[in-house]
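1. give me the fold of what follows.
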Amino acid sequence: MEFSETRFTELLAKGDEDVFEQVFKLNFKNLHAYAATILKDESVAEEMVQQVFYKIWEQREKLNIQLSLKAYLYRSVHNLCINHLTHQKVRATHQSYSMQHISQQEEDTAARKVRQSELEKNISKALNELPEQCRTIFQMSRFEELKYHEIATELGISVKTVENQMGKALRLMRLKLAEFLTLIIVLLQL
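-> Residues are numbered from 1 along each chain as shown. Take a look at the predicted model:
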């Protein structure tokens with residue numbers, strides 16, 4: 001039974017389920033085959049056709065078919081299938097980007113840990129090569145965060161001696177760690 005678009009729209013707007021079911025049964029198989037050729041997936045094609053009919057039923061009071069009913073149905077299925085494919089492509093692109101980004105972050109983190117470990121070993125080595133008093137003063141200043149006058153009081157030496165020893169420690173550390181200066185700057189910025 002062929003309906004004119006006006007008659008179909010009128011009956012549908014009134015909620016005539018029999019007319020809707022008849023149109024569904026008459027067109028589903030062909031629309032499904034059409035959607036399957038676009039999507040290359042039978043189950044997704046079935047879902048797309050069902051969505052078209054669901055939307056028609058949901059919007060039945062506002063439905064305005066300008067062409068023939070069949071043309072309207074085919075155009076609706078086509079548009080929905082194309083939207084689905086576009087969405088799948090965007091999802092795949094995003095997923096690929098996310099995986100690539102995560103992989104890059106993991107590589108960066110691993111490389112940063114290796115560089116940091118190497119730097120820590122070289123700092124420790126450079127510290128151990130400092131003269132004993134120089135090393136003690138440097139560690140108290142940098143690791144215990146004591147002020148020069150506090151170090152001087154604790155060690156029973158003058159503040160000027162602490163200043164001189166710190167200058168010497170910094171100069172020697174700078175020389176021994178010169179090749180790691182760029183790495184130190186990068187690690188400090190992270």
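
2. tell me the mean pLDDT for the helix or strand containing Gln165?
-> Counting by DSSP states H and E, the element that carries Gln165 is helix 159-176. Averaging pLDDT along helix 159-176 gives 87.

3. who's in contact with it?
-> Helix 159-176 is contacted from outside by 122-123, 125-127, 129-131, 133-135, 137-138, 141, 148-149, 151-152, 155, using Cβ atoms under 8 Å, 6 or more residues apart in numbering. Every C-beta, even on glycine, is put in place using the N, C-alpha and C of the backbone.

4. could you do stretch 26-33 as well?
-> Applying Cβ under 8 Å, 6+ apart, the set of residues contacting stretch 26-33 from outside is 1, 42, 45-46, 49, 52-53, 70, 73-74, 77.

5. switch the residues you listed over to CSV; also include distance to Ala13.
-> As requested, the contacts of stretch 26-33 are exported to CSV (distance: Cβ to Cβ, whole Å):
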residue, distance to Ala13
Met1, 18
Glu42, 32
Ala45, 28
Glu46, 27
Val49, 22
Val52, 18
Phe53, 16
Lys70, 19
Leu73, 17
Tyr74, 22
Val77, 22
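
6. columns neighbour count and distance to Arg112 on top of those, output as TSV?
-> What follows is the contacts of stretch 26-33, written out as TSV (neighbours: other Cβ atoms under 10 Å; distance: Cβ to Cβ, whole Å):
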residue	neighbour count	distance to Arg112
Met1	6	72
Glu42	12	49
Ala45	22	48
Glu46	16	50
Val49	26	52
Val52	25	52
Phe53	19	55
Lys70	15	62
Leu73	24	58
Tyr74	18	56
Val77	23	52
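
7. check those and tell me the two furthest apart.
-> Largest separation among these by Cβ to Cβ: Met1 and Glu42, giving 27.4 Å.

8. ok, and the closest non-adjacent residue to Ala36?
-> What sits nearest to Ala36 in space, not counting adjacent residues and going by Cβ to Cβ, 6 or more residues apart in numbering, is Ala45, at 3.9 Å.
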